[in-house]
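[1] Sequence plus predicted model, see below.
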Amino acid sequence: MMTESSPCPPFTAAYAPDDRVMAARLLETGRLRPDQDGRIDHTATRLIDAIRANDDRLGGIEDMLREFALSTKEGLALMVLAEALLRVPDARTADQFIEDKLGQGDFVHHETKSSAFLVNASAWALGMSARVIQPGETPEGTIGRLAKRLGVPAVRAATRQAMRLMGSHFVLGETIEAALARGQPQSGRAPRYSFDMLGEGARTATDAERYFNSYASAIEAIGRAADDRPLPDRPGISVKLSALHPRFEALSRGHVMTELVPRLIDLARRARAYDLNFTVDAEEADRLELSLDVIAAAFSDASLAGWNGFGLAVQAYQKRAEAVIDYADGLARALDRRMMVRLVKGAYWDTEIKRAQERGLDDYPVFSRKAMTDLNYIACAQKLLGLRPRLFPQFATHNALTVATVLELVGGDSGFEFQRLHGMGEALYTRLSEDRPALAYRTYAPVGSHRDLLAYLVRRLLENGANSSFVAVAADDAVPVATLLRRPADIIGSPDNARHPNIPLPRDLYQPRRANSHGVEFGERAALNGLLAAITAETTPVAAASLINGKTKAGTARQLVSPISDTIVVGTVVDATQEDANEAISAARAGFKSWSRTEVQTRAAILEGAANLLEQRRAHFVALLQHEGGKTLDDALSEVREAIDFCRYYAAEGRKLFGEGETMPGPTGESNVLRLRGRGVFIAISPWNFPLAIFAGQVTAALMAGNAVGATVDRLRGRSPIARGWRADIGAASGAGRRQTRRGFGGAS
Ligand SMILES: Cc1cc2nc3c(=O)[nH]c(=O)nc-3n(C[C@H](O)[C@H](O)[C@H](O)COP(=O)(O)OP(=O)(O)OC[C@H]3O[C@@H](n4cnc5c(N)ncnc54)[C@H](O)[C@@H]3O)c2cc1C
């Protein structure tokens, strides 16, 4: 099958292969000869020296980023503040927010740690604010006195100023005209730029249109300002697909292909008119397959035939990076064109790890150790260099060792370029240009207002503040150069070390206590198609009726039609009667004693068995939630997973609270086995909008605590006769419920 108008089959590669398998291969090829290593050491050391000799360290920004790294409370508060100050329209709310956020950090103590100007600027602004909001504290020195006199509005202005300083460090200009003017050299050749119009993750069609227009007018302005040098020595523009469509996600593939592809082609044609470098940025891993579909369709458009400026970015932290390069090569080969390929390490690492955990995937799509990313970067670089001239490699990095290794592999100064971000890597690339003037490097220059800065700034702050980041470590004179020169292959050593020891697999996130429910990554075509096929196969209508002590109640069945389509028959239902409800409670009363004396381990095992059954029959329940509840696929799958997690969670909690030391006497002399007994019969009335997850949560909590349960889903928002009748009984049972709550099973009462 071909992707729409693409000449190649869709991209396929294992989404999250085993790190150890990959490491075994990468380690074999990742070591170079001793003579090569010697030259790499020499080059990298010179670059590190340049970074360290840079007195003002780019205006102190690195110091500030270390000081307020996002891993600190203060850094986080600063970011939340930035967000608030950018978005809160009225001053009073902004001031309240400042007071609230600054109360959470310890900014005052940041004042004296660094002498760099920017650190002082923000520590001053923030430290001062912290004092203003703690009127009980005796202010020391001028800053404190000033703060008292000026008050929060002045702090607001100072904090805004600190944010503005940070913004102007990373952004070349607020408009493309300003950026083009600032990018002009004082003398000599114009440097290569790739302009990036800030803005991503469009939320509405209006956002997407705004971003499209800003790309279009930027291309026009860049093109008009460009001189007549040929590609690749021409300016460029980088675009984010997520800025061009409000639903840039796998589940909206149909819309994306019909609406976003024409927009991308339109922009690419405009770039072609000026022969610019037009690069599609790489975003989150779950968007990779969709991105490549879009890129392939646009790249193959007849109107772009023969043009060599189109490019894409590849992230080396992704395990599929080499496969992406092969795919790009396949496209370029099929169309007999050149493609520009920017190799980066990847800017969304934290997000990728979190998302895979939240999705309960088998493994991560990205590496969990930085040295693996570095190793893969070099493998990708080797591949790219071998595919020249069909692919034009653009090595984007601020890491002196990576730069030196690439230089060793290239063995010349042409046929590729380096890239850096504006506001980063300046000293390194200045030294490189002095040492090898023939080398080309391009600066990626964000352009836009501070309102659109936040997402970009957060990535830069995470990158610069991380203790694994080269720029953060290289700027720290206390770290020996030898440490910075350690080769990724030596750091990893053996495939067994390929995974980070403190980052468990997503499925094992809660182990040893319980398994995480298994999810499906919609961005992985094969997994999504598998789920969809299983849901489609669920065609047998459901016959629902009350279940009392394992026996299905007979009665008059009525047909249930889906609220989303008259043509979908969900099945039949025998509605519960008041007699059924009474019978259920009687049965619960009768069964309570033996259940309450059932061993904790047995109860837990039963709940875990239920979780496993739900997981095995996942497609059935997803189909049911979609058909009967009208839920989206994402919501329906999340609800089934939540129900599974509830079963396992309460089983684990029960084991933890009651399962240990069962023979130890309790405070009143009774044994734990006795204290463990349930309190009686619980009723669980779950709402119509989460018929599976909340139902399961209520029931499993009460069951695990040793209670018997009568349960119903109230589809009439509290007005169903059974719910009403049972609620009337709660008065009698609520004492037990409250006691139970104190013992940790709040969900049951
Ligand atoms: C010109 C340019 C364009 C860019 N375009 C993009 C783009 O389109 N898409 C994008 O995602 N990024 C993009 N980036 C950002 C880029 O990904 C980061 O700047 C880059 O990762 C930093 O790498 P480094 O070699 O400079 O630094 P290093 O410090 O050597 O590497 C840091 C990187 O290592 C990786 N890493 C850190 N910890 C771990 C870990 N525990 N396990 C695995 N990997 C880890 C992460 O990728 C992190 O960013 C671009 C960068 C430049 C310079």
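    Great, that's in hand. Computed from a predicted model, the values in this text were never measured in an experiment.
[2] In space, what's closest to Arg727 - neighbours in sequence excluded?
    Ile685 (7.1 Å; Cβ to Cβ, 6 or more residues apart in numbering). Quick note: C-beta positions are derived from backbone N, CA and C, even for glycine.
[3] Look at the one you found and say how many residues are nearby.
    20 (other Cβ atoms under 10 Å).
[4] Over to Ala533?
    Neighbour tally, Ala533, other Cβ under 10 Å: 10.
[5] Equivalent analysis for Pro721, please.
    13.
[6] Find me the pLDDT at it, would you?
    Here, the pLDDT recorded for Pro721 equals 79.
[7] Next one: it from the ligand, what distance?
    Pro721 sits 57 Å away from the ligand, going by Cβ to the nearest ligand atom, to the nearest Å.
[8] Ignoring the adjacent residues along the chain, who's closest to that residue?
    Gln578 (6.3 Å).
[9] Near that neighbour, how many other residues are there?
    Other residues within reach of Gln578, judged by other Cβ under 10 Å, total 10.
[10] Now it, what are its backbone angles?
    In this entry, Gln578 is assigned phi and psi values of phi -60, psi -40 (degrees, to the nearest 10).
[11] just Gly223 next, same as before
    Torsion angles, degrees, to the nearest 10, at Gly223: phi -60, psi -40.
[12] close enough to count as contact, it and Leu276?
    Yes: assessed by Cβ atoms under 8 Å, Gly223 is found in contact with Leu276 at 6.1 Å.
[13] and Val709, how many neighbours?
    Using other Cβ under 10 Å, Val709 has 22 other residues around it.
[14] For the stretch 351-500 of the chain, which residues are neighbours of the ligand?
    366-370, 372-373, 396-399, 402, 419-421, 444, 463, 468-470, 500 (Cβ under 6 Å from any ligand atom).
[15] what do you get if the cut-off is 5 Å, keeping everything else the same?
    367, 370, 373, 396-399, 419, 421, 444, 468-470 (Cβ under 5 Å from any ligand atom).
[16] which one of these has the most neighbours?
    Ranking those using other Cβ under 10 Å puts Phe367 first, with 29 neighbours.
[17] Quick one: residues contacting the residue nearest to Arg727.
    Ile685 makes contact with 698, 711-714, 723, 726-727, according to Cβ atoms under 8 Å, 6 or more residues apart in numbering.
[18] one more time with 7 Å
    Residues in contact with Ile685, defined by Cβ atoms under 7 Å, 6 or more residues apart in numbering, are 712, 714, 723, 726.
[19] coming back round to it: neighbour count winner among Gly223 and Leu276?
    The neighbour count for Gly223 versus Leu276, taken as other Cβ under 10 Å, is higher for Leu276 (24 against 18).
[20] How is the residue nearest to Phe690 when sequence neighbours are not counted classified with respect to secondary structure?
    Distance criterion Cβ to Cβ, 6+ apart; nearest residue to Phe690, sequence neighbours excluded, is Glu639 at 6.2 Å. Of the three states, Glu639 takes helix according to DSSP: H, G, I helix; E, B strand; the rest coil.
[21] Quick one: end-to-end length of stretch 220-236, please.
    11 Å (Cα to Cα, to the nearest Å).
[22] what are the ranges of the helices in the stretch 601-749 of the chain?
    For the stretch 601-749 of the chain, the helices defined by DSSP state H, counting those that start in this stretch occupy 618-629, 633-654, 672-675, 693-704, 721-742.
[23] among those, which is nearest Asn549?
    Between Asn549 and the helices of the stretch 601-749 of the chain, the shortest separation by Cβ to Cβ is 14.0 Å, and it involves helix 693-704.
[24] Report the buried residues of that closest one.
    For helix 693-704, burial by neighbour count (16 or more other Cβ atoms under 10 Å) applies to 693-704.
[25] My understanding was that Ser291 contacts Leu241; is that so?
    Yes: assessed by Cβ atoms under 7 Å, Ser291 is found in contact with Leu241 at 5.8 Å.
[26] May I ask which two of the contacts of Ile685 are separated the most?
    Maximum pairwise distance in the contacts of Ile685, criterion Cβ to Cβ, is 9.5 Å, between Asp714 and Trp726.
[27] In terms of neighbours, single out the busier of these two.
    For the pair Asp714 and Trp726, the greater number of neighbours falls to Trp726 (22 against 18), based on other Cβ under 10 Å.
[28] mind checking pLDDT for Ala221?
    As predicted, Ala221 sits at a pLDDT of 97.
[29] Any stretches of the stretch 601-749 of the chain with poor pLDDT?
    In the predicted model, the stretch 601-749 of the chain carries pLDDT under 70 at residues 659-676, 717-718, 729-749.
[30] In it, what residue comes closest to the ligand?
    Nearest to the ligand in the stretch 601-749 of the chain, going by Cβ to the nearest ligand atom, is Asp634, at a distance of 23.9 Å.
[31] In contact with that residue, which residues are there?
    Counting by Cβ under 7 Å, 6+ apart, Asp634 has contacts Leu251.
[32] try Ala584
    So Ala584 contacts 546, 548, 710 (Cβ under 7 Å, 6+ apart).
[33] Next, show the common contact partners of Ser291 and Leu241.
    Joint contacts of Ser291 and Leu241 (Cβ under 7 Å, 6+ apart) are 280, 283.
[34] Hmm, Val569 is touching Val561, no?
    Yes: taking Cβ under 7 Å as the definition, Val569 is a contact partner of Val561 at 5.9 Å.
[35] For Ala282, which non-adjacent residue is spatially closest?
    Ala313 (3.9 Å).
[36] Report the beta-bridge partners for that neighbour.
    Per DSSP bridges, the residues bridged to Ala313 are Arg342.
[37] Contacts only, for Gln626.
    So Gln626 contacts 633, 636 (Cβ under 7 Å, 6+ apart).
[38] For the protein, what lies in contact range of the ligand?
    281-282, 313, 317, 344-347, 349, 367, 370, 373, 396-399, 419, 421, 444, 468-470.
[39] Now intersect the residues you listed with the helices, please.
    Counting by DSSP state H, the part of those found in helices is 349, 370, 373, 470.
[40] just for the stretch 101-250 of the chain, where's the confidence low?
    By pLDDT under 70, the low-scoring segments of the stretch 101-250 of the chain are 101-163.
[41] need the helices for it, in chain order.
    According to DSSP H, counting those that start in this stretch, the helices that the stretch 101-250 of the chain contains are 117-132, 141-150, 152-170, 176-183, 205-225, 241-244.
[42] What sits closest to Leu290 if chain neighbours are left out?
    Leu290's closest residue in space is Ala250 (Cβ to Cβ, 6+ apart), at 5.3 Å.
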